[in-house]
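> Here is a sequence together with a model predicted from it:
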Amino acid sequence: MSDGGAFVGVDVVEIARIARVLSLFGERFLQRLFSPEELAYYRGKGMRRWQEGVAALFASKEAVKKLFLQRGYSLGFRDITILHTSTGEPRVFVAQGGEVFRRISLSFSHSRDVVVAVAVGIVGGGKGSD
């Protein structure tokens with residue numbers, strides 16, 4: 001394994017797929033994958049925003065999982081927590097393997113149909129690593 005560098009994980013989710021899963025499995029689906037704190041950011045903002053938000057969380061967790069797989073770690077959905085700062089910036093917290101990356105940045109965006117999430121993990125340290 002490299003002493004430094006950046007790793008990238010990406011995922012794309014169809015919002016309609018998440019809407020179907022929510023209509024079929026509802027709270028059971030949500031409780032299996034997300035914490036109440038993660039979901040609180042999107043609750044009460046209208047159905048469309050709710051579906052986009054759940055899709056963003058799903059895609060973000062998949063992107064982070066792919067990031068960690070590149071370093072030999074397999075994480076489950078509940079091992080990853082995506083919370084938002086007061087300005088709306090998403091932050092990644094992991095239950096295990098927190099030392100794998102010095103920093104993890106997460107960005108996601110959506111169109112009418114899909115959400116894309118990109119996770120970038122920085123490893124290493126010292127001069128010239130930023």
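That came through fine. Here the structure is a predicted model, which is why all the values come from computation and not from measurement.

> per-residue pLDDT, the most centrally placed residue in the chain?
The structure's the chain has its C-alpha centroid closest to S60; by Cα atoms, centre = their mean the separation is 2.2 Å. Listed pLDDT for S60 reads 98.

> burial of the closest residue to it other than its chain neighbours, as a residue count?
Setting aside the residues directly before and after it, S60 is nearest to A117 in space (Cβ to Cβ, 6 or more residues apart in numbering), at 4.3 Å. All C-beta atoms are positioned from the backbone trio N, CA, C, and that covers glycine. Counted with other Cβ atoms under 10 Å, residues neighbouring A117 total 27.

> quick one, what contacts A117?
With contacts defined as Cβ atoms under 8 Å, 6 or more residues apart in numbering, A117 is in contact with V10, D11, V12, V13, A56, A59, S60, E62, A63, L106, S107, F108.

> beta partners of it?
Listed by DSSP bridges, the beta-bridge partners for A117 are D11, F108.

> Could you check how far it is from E99?
23 Å (Cβ to Cβ, to the nearest Å).

> What of Y41?
Applying Cβ to Cβ, the value for Y41 to E99 is 27 Å.

> Give me the more crowded residue out of those two.
In this view Y41 and E99 are compared by other Cβ under 10 Å, and Y41 has more residues nearby, 16 against 8.

> which helices and strands does the one helix or strand F29 maps to pack with?
Counting by DSSP states H and E, the element that carries F29 is helix 15-33. If you count contacts as 3 or more Cβ pairs under 8 Å, 6 or more residues apart in numbering; DSSP states H and E, helix 15-33 packs onto helix 47-69.

> going on from the helix it packs on, what's the next piece of helix or strand?
strand 80-84.

> so what does that following strand touch, helix or strand wise?
Using 3+ Cβ pairs under 8 Å, 6+ apart, strand 80-84 sits against helix 36-40, helix 47-69, strand 90-94.

> now these as CSV including distance to G4?
Formatted as CSV, the helices and strands packed on strand 80-84 follow (distance: least, Cβ to Cβ, whole Å):
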stretch, distance to G4
helix 36-40, 31
helix 47-69, 16
strand 90-94, 20
